[in-house]
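J.: Sequence first, then the predicted structure, then my questions.
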Amino acid sequence: MTRTSASTPTKKKDDKGKELEALGWDIHFWLGETTSQDEAGTAAYKTVELDDFLIQAPVQHREVCGFESSLFLSYFEKTGGVCLLEGGIESGFNHVKPETFTPRLLHLKGRTNIRVSQVPIEAKSFNEGDVFVLDAGLNLYQFQGKSAGKNEKGRAGQLCRAIDDERKGKPQVHVFSQNDRNIKEFWDEVAKYDSSSSGWTNGIPTISPDDGKDEEWEKSNEQKLFQLSDASGSLTFTEVKPEVKGKYKRAMLKSEDVFIFDAGNEVFAWIGKGASAAEKREAMQRAQDYLKQSGRNTCLPVTKILEGADNLTFKSFFTG
């Protein structure tokens, strides 16, 4: 997945047409849950090609299924968020034919960055803390667990509207809260696809409680900064500690080297303008190796930033 603006630097202009500061590009390569090693390698290679093609250095982001960065997710907000479906290349959102359409259950989860993923149409897929959309083609059923967050509910509404728009306004949208008096109507629909429904009590299943993991992937561990340098004749990777714990200053980043910054829920590989060819070449790989060796989640987003093209997210972690 790539996002670019143009093949030449883009400039902001004021009302009189005067050029202001240059706008940057962000290139994202997204790795699916079952991505092969060859596919992952090709994605990284193509990202480098784009990097070379664009005159103004872009920011590179490695995104992994289920652990996407806030920036990546923000691109899809107006269409109900990123929707992760099971394998295949055809979209289930277009050209609905009742006789051929395959129903699906979409799970919405998160407090700030809500993700949408496809899960089996079974009662055991549900829980009380999230929102689910049963997409039956010309009928969309939105189920809201009793502990579901307002952002999950709002995003589910956006998703239903997006699907409805794709299908020319033909679907009917039905919204159910877990404790609604007419909730059995919803479970009657689920029962059409769930073979375990014969064991439900009065036609209503017992579902799992809120798992409390909505923000787990976003929680930050202690931030850390590392310097990658070959000034000694060989590449060294050493931690750089701030004078005051947790307070990192911009001056700690030296132009002649590469720095790896662990922000907790994202890792940045910052490349100084004067970094050597070896340091530049090793930047992204060292960031990924750090995740493995430190026991951190290897699916966390990894972003490569060149000095002078720092994005606002990265800048926010440093003072001065």
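T.: Yep, that arrived.

J.: Any figure for the gap between the residue in the chain sticking out farthest from the centre and residue 164?
T.: Relative to the centre of the chain, the most outlying C-alpha is that of residue 202, 39.3 Å out, by CA atoms, centre = their mean. Distance of residue 202 to residue 164, computed by CB to CB, to the nearest Å: 32 Å. Placement of C-beta: from N, CA and C, glycine included.

J.: on that earlier part again, the residue farthest from the centre of the chain: what's its closest spatial neighbour, skipping adjacent residues?
T.: Once flanking residues are discounted, residue 202 sits nearest to residue 184: 7.7 Å by CB to CB, 6 or more residues apart in numbering.

J.: mind listing what's buried in stretch 181-198?
T.: Residues of stretch 181-198 classed as buried under the neighbour-count rule (16 or more other CB atoms under 10 Å) are 186, 187, 189, 190, 191, 194, 197.

J.: about what we covered before: correct me, but the residue nearest to residue 202 touches residue 203?
T.: Yes - shown here, residue 184 and residue 203 form a contact pair, counting by CB atoms under 8 Å, at 5.4 Å.

J.: For residue 144, give the beta-bridge partners.
T.: residue 131, residue 177 (DSSP bridges).

J.: list the contacts for it?
T.: Going by CB atoms under 8 Å, 6 or more residues apart in numbering, residue 144 touches 131, 152, 153, 156, 175, 176, 177, 178.

J.: thinking again about what came up before, which ones among the buried residues of stretch 181-198 map onto helices?
T.: 186, 187, 189, 190, 191 (DSSP state H).

J.: can you pull the buried residues of stretch 259-276?
T.: In stretch 259-276, counting by 16+ other CB under 10 Å, buried: 259-263, 265-272, 275-276.

J.: and the closest residue to residue 137 other than its chain neighbours, how many residues sit next to it?
T.: Using CB to CB, 6+ apart and skipping residues adjacent in sequence, the residue nearest residue 137 is residue 101, 3.9 Å away. Residue 101: 14 surrounding residues under other CB atoms under 10 Å.

J.: name the element residue 101 belongs to?
T.: Counting by DSSP states H and E, no helix or strand carries residue 101.

J.: so how far is residue 229 from it?
T.: Residue 101 is 57 Å from residue 229, by CB to CB.

J.: correct me, but residue 172 touches residue 140?
T.: Yes - in this structure, residue 172 is within contact of residue 140 by CB under 8 Å, at 7.2 Å.

J.: Give me the more crowded residue out of those two.
T.: residue 140 (22 against 11).

J.: Now do stretch 189-197, average pLDDT.
T.: Stretch 189-197 shows an average pLDDT of 95 in the prediction.

J.: Could you number the chain from 444 rather than 1 from now on?
T.: In the new numbering, first residue 444, that becomes stretch 632-640.

J.: For it, measure first residue to last.
T.: Length of stretch 632-640, first residue to last, CA to CA, to the nearest Å: 11 Å.

J.: Stretch 675-690 too?
T.: End-to-end for stretch 675-690, by CA to CA: 28 Å.

J.: same deal with stretch 603-620?
T.: Separation of the first and last residues of stretch 603-620 by CA to CA is 15 Å.

J.: so where's the stretch 644-763 of the chain shaky on pLDDT?
T.: The stretch 644-763 of the chain contains residues with pLDDT under 70 at 659-664.
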